[in-house]
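Enquirer: kindly generate the corresponding structure for this input.
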Amino acid sequence: MTRARLEPWLRLLAIEGVGDVTALKLIRVWHSPDAVLSASRDDLIGGGCSPELADAIRRGPQSKVCRNVEQELKRIEHGRIEVRCFLDASYPARLKMIADPPPLLYITGTLTEQDELAIAIVGARRATAAGRAMTEELSHDLAAAGMTVVSGLARGVDAAAHRGALAAQGRTVAVLGCGIDRTYPPEHDRLRKQIEERGAILSEAPVGAPPHSHHFPRRNRIISGLSLGVIVTEAAINSGSLITARLAADQGREVFAVPGFVKQDTSRGTNALLKDGAALIERAQDVIDAVLPQLEPALRLRLQPAQPKKGPSDQLGKEEQLVYDALSYDPLTVDDVIVATGLSVSTVMAALLSLELRQQVAQLPGQRYLRP
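Expert: Reported below is the predicted structural model:
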């Protein structure tokens, strides 16, 4: 969007009393922010504005706010940030259909039409090793099948979702709860750069906005709004992931959940979703089968059957295969593997090292191992 087209949007949104919902109501009546800003007081009131709001619009933003708008425009230009407004033909079609779409989307990386075929994956920040592994598998297989994986760049499940899609050389989109020029959490800066190379980073927050807590529930409606459905792999009761799932249901999106051990805190949220009618999934193909009927023919042609990653059975020696078969998504200690396989300590350690070098197993703190 050019500076000339963007500035009226920023000026309108900067007026006291004009939030996102109000701005879109005005745009639907007047068809452009320029028309709203230039309308007479009587016309504004006749178009549904209160006298107080009409007066505020006629006054326009305060001079200090106008300076902030100018600074934001310079930051957008300097940062080479793409901005799409609700009226743009390139604005994501599925997001436009929700009750309260963001008037402006700030974008780095590349958001394409391919991203209309999207699935969101969200979950616990303090995810278990098994939860992260399951998330990466689902994300990898969905991305390999041609779907874009959407998540929030948070610690835990979100990061695993992005990494799984990247490992499949697929597309992934991260939605931030802060300004597009910031990365939160900051340790995900490298992951963010990888996402920008194969997908996009989005935010509705103004440039420079810090990661305030109230931004994240709003961010969640964009994650679900961009997607055909939302997968929750792990979540505690009353977590932000369940908010995303509720928003998805309200938006008419599919809600999927991965079942978990009933005594595990991070499984209580997903199990609660299943009780409330979410679809139980165990593999990527379960998700593809569920969303396929709602896809337009052109999108169906782009979607491939999920091809789960194959185990390394053809490549392993006898002892390595025994050790690999003993492992799962639940981390095991070396002693656990010795008991399960009946092999000696030295044989198990050698097999684990060989498997780790081949990236067939992952080592966790405390000399615990699991399949990645």
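Enquirer: for Leu280, see how far away Val287 is.
Expert: Applying C-beta to C-beta, to the nearest Å, the value for Val287 to Leu280 is 11 Å. Backbone N, C-alpha and C define where each C-beta goes, glycine included.
Enquirer: pick out whichever of those two has more residues nearby.
Expert: Of the pair Val287 and Leu280, Val287 is the one with more neighbours under other C-beta atoms under 10 Å, namely 24 against 13.
Enquirer: contacts for the host helix or strand of the more buried one?
Expert: Counting by DSSP states H and E, the element that carries Val287 is helix 284-291. Contact with helix 284-291 is made by 119, 137-138, 141-142, 145, 147, 228-229, 231, 254, 256, 279-281, 303, 305-306, 308, as judged by C-beta atoms under 8 Å, 6 or more residues apart in numbering.
Enquirer: from those, which land in strands?
Expert: Using DSSP state E, the subset of those located in strands is 119, 229, 231, 254, 256, 279-280.
Enquirer: between these, which is nearest Leu357?
Expert: Leu357 lies nearest to Ile231 out of these, by C-beta to C-beta, at 31.4 Å.
Enquirer: separation between that closest one and Gly260?
Expert: 13 Å.
Enquirer: which parts of stretch 154-162 are buried?
Expert: For stretch 154-162, the neighbour count (16 or more other C-beta atoms under 10 Å) marks 154, 156-162 as buried.
Enquirer: is Arg84 bridged to anything, and to what?
Expert: Assessed by DSSP bridges, Arg84 has beta-bridge partners Leu105.
Enquirer: that one: what's it in contact with?
Expert: Arg84 touches 1, 90-91, 104-105, 107, 111, counting by C-beta under 8 Å, 6+ apart.
Enquirer: buried ones among these?
Expert: With burial judged by 16+ other C-beta under 10 Å, the buried subset of those is 1, 91, 104-105, 107, 111.
Enquirer: tell me which residue is most central in the protein.
Expert: Nearest to the geometric centre of the chain sits Ser151, at 1.5 Å (C-alpha atoms, centre = their mean).
Enquirer: dump the residue contacts of that one.
Expert: The contact partners of Ser151, by C-beta under 8 Å, 6+ apart, come to 120-122, 157-158, 161-162, 172-175, 223.
Enquirer: ok, so of these, who is nearest Trp30?
Expert: Distance to Trp30 across the contacts of Ser151 (C-beta to C-beta) is lowest for Val175, with 28.5 Å.
Enquirer: what about the closest one, distance to Glu196?
Expert: For Val175, the distance to Glu196 - C-beta to C-beta - is 13 Å.
Enquirer: neighbour count: these two, which is higher?
Expert: Val175 (25 against 15).
Enquirer: just send the buried residues of stretch 154-162 back as a markdown table, with pLDDT, secondary structure and distance to Ala23 too.
Expert: Supplementary listing: the buried residues of stretch 154-162 in a markdown table, determined by pLDDT from 0 to 100; DSSP: H, G, I helix; E, B strand; the rest coil; distance: C-beta to C-beta, whole Å:
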| residue | pLDDT | secondary structure | distance to Ala23 |
| --- | --- | --- | --- |
| Ala154 | 95 | coil | 28 |
| Gly156 | 94 | coil | 34 |
| Val157 | 95 | helix | 33 |
| Asp158 | 96 | helix | 29 |
| Ala159 | 96 | helix | 33 |
| Ala160 | 95 | helix | 36 |
| Ala161 | 97 | helix | 31 |
| His162 | 98 | helix | 31 |
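Enquirer: determine which two of those are furthest apart.
Expert: Longest span within the buried residues of stretch 154-162, C-beta to C-beta: Gly156 and His162, 11.3 Å.
Enquirer: end-to-end on stretch 8-23?
Expert: Distance between the two ends of stretch 8-23: 11 Å, counting by C-alpha to C-alpha, to the nearest Å.
Enquirer: distance of Glu196 from Thr110?
Expert: 8 Å.
Enquirer: list the buried residues for stretch 238-253?
Expert: 239-249, 251, 253.
Enquirer: give me the element the nearest residue to Gly48 once chain neighbours are set aside is part of.
Expert: In space, and not counting its chain neighbours, Gly48 is closest to Val29: 6.5 Å by C-beta to C-beta, 6 or more residues apart in numbering. Applying DSSP H and E as the criterion places Val29 in helix 20-30.
Enquirer: let me see the ranges of the strands in the stretch 1-150 of the chain.
Expert: 82-85, 104-109, 118-122, 148-151 (DSSP state E, counting those that start in this stretch).
Enquirer: brilliant, that's me finished.
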